[in-house]
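1. Fold the following for me, if possible:
(chains A and B)
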Amino acid sequence: GAVVSQHPSWVICKSGTSVKIECRSLDFQATTMFWYRQFPKQSLMLMATSNEGSKATYEQGVEKDKFLINHASLTLSTLTVTSAHPEDSSFYICSASTGTGLGTEAFFGQGTRLTVV
Amino acid sequence: AQTVTQSQPEMSVQEAETVTLSCTYDTSESDYYLFWYKQPPSRQMILVIRQEAYKQQNATENRFSVNFQKAAKSFSLKISDSQLGDAAMYFCAYKSSGTYKYIFGTGTRLKVLA
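-> Numbers count the residues shown, from 1 in each chain, chains lettered A, B, ... in the order given. Below is the predicted model of the structure:
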């Protein structure tokens, strides 16, 4: 199956600094990427949807100035957590698909555990 | 708005036995996709099985099968001949035909007992 690589797998940063998480589709062109946040023992909550070359669409309640998403190419999307605070500590997961059609499958990265100290 | 409900936070099954995980959803859409994803301790989400709402036949993938009841808005996952490697968190997910977004349930943690 298609492979989505997320980097880094885990990161610890100091409060107030910014952290960038990369999501790459290794063997297919991802026109659409999704970013999720998963709290411990909870479900995946969609943060935003990004289409290559377009601005990301954020879900209600997600601060777009805090969670910057860039989808500059068909194989790479990045999520930057700006001025991170301890409450931003979480597990972040990306998924990528070849489109937004109902039948298109989304493939998930392995996730990034962010800890802000 | 669509919702997905998994009422079983945790389930246990003996190795080689069969277990069924429940999922119900609410929607006003007539076409959509339903999925079961497995999240093992590695946290990598793995697609187990998927079902298109317009298909009446229940999807099957080896030891995994679903019981899709569209009128009842129910989508349960049956795992036959359970194996230790099946132990994981299982998420039921709905894909909207309107927004193409995935909506996940809260998950069911499956324990497989040797």
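
2. Nearest spatial neighbour of A:T80, chain-adjacent residues omitted?
-> Using CB to CB, 6 or more residues apart in numbering or on different chains and skipping residues adjacent in sequence, the residue nearest A:T80 is A:L68, 4.3 Å away. Every C-beta, even on glycine, is put in place using the N, C-alpha and C of the backbone.

3. what's the helix or strand encompassing that neighbour in contact with?
-> Assigned by DSSP states H and E, A:L68 belongs to strand A:67-73. By CB atoms under 8 Å, 6 or more residues apart in numbering or on different chains, the surrounding residues in contact with strand A:67-73 are A:33, A:35, A:47-48, A:50-54, A:56, A:58, A:77-82.

4. for stretch B:48-65, same thing?
-> Counting by CB under 8 Å, 6+ apart, residues outside stretch B:48-65 touching it are A:102-103, A:105, B:29-38, B:66-68, B:70, B:75, B:77-83, B:90.

5. one more time with 7 Å
-> Contact with stretch B:48-65 is made by B:31-38, B:66-68, B:70, B:75, B:77-81, as judged by CB atoms under 7 Å, 6 or more residues apart in numbering or on different chains.

6. Counting neighbours, which of those residues end up buried?
-> By neighbour count, with 16 or more other CB atoms under 10 Å in any protein chain shown, these hold B:32-38, B:66, B:68, B:75, B:77-79 as buried.

7. any idea how far A:K66 is from A:F34?
-> A:K66 is 18 Å from A:F34, where distance means CB to CB, to the nearest Å.

8. no, scratch that, I was asking about A:T17
-> Going from A:T17 to A:F34 by CB to CB gives 25 Å.

9. Which residue comes closest to B:L21 once chain neighbours are left out?
-> Excluding the flanking residues, the one nearest B:L21 by CB to CB, 6+ apart is B:L77, at 4.5 Å.

10. The strand holding A:L68 pairs with which strands?
-> Partner strands and pairing direction for strand A:67-73 (DSSP bridges) are strand A:76-81 (antiparallel).

11. Please name the strands paired to the helix or strand following the partner strand in the sheet, noting orientation.
-> Where DSSP H and E defines the elements, the next helix or strand beyond strand A:76-81 is strand A:90-97. Sheet pairing of strand A:90-97 (DSSP bridges) gives strand A:32-38 (antiparallel), strand A:106-108 (antiparallel), strand A:112-116 (antiparallel).

12. who touches residue 13 in this structure?
-> You didn't say which chain, so I picked chain A. A:C13 neighbours (CB under 7 Å, 6+ apart): A:V19, A:A84, A:V116.

13. hmm, I had chain B in mind actually
-> Under the criterion of CB under 7 Å, 6+ apart, the contact list for B:V13 reads B:V19, B:S82, B:L110, B:V112, B:L113.

14. which of those residues are buried?
-> When the contacts of B:V13 are checked for burial by 16+ other CB under 10 Å, the buried set is B:V19, B:S82, B:L110, B:V112.

15. strand partners of the helix or strand that contains A:V11, parallel vs antiparallel please.
-> Here A:V11 sits within strand A:10-13, counting by DSSP H and E. Using DSSP bridges, the strands paired with strand A:10-13 are strand A:112-116 (parallel).

16. what sits up against the partner strand?
-> Residues outside strand A:112-116 that contact it (CB under 7 Å, 6+ apart): A:6, A:8-13, A:15, A:19, A:21, A:81, A:84-86, A:88-92.
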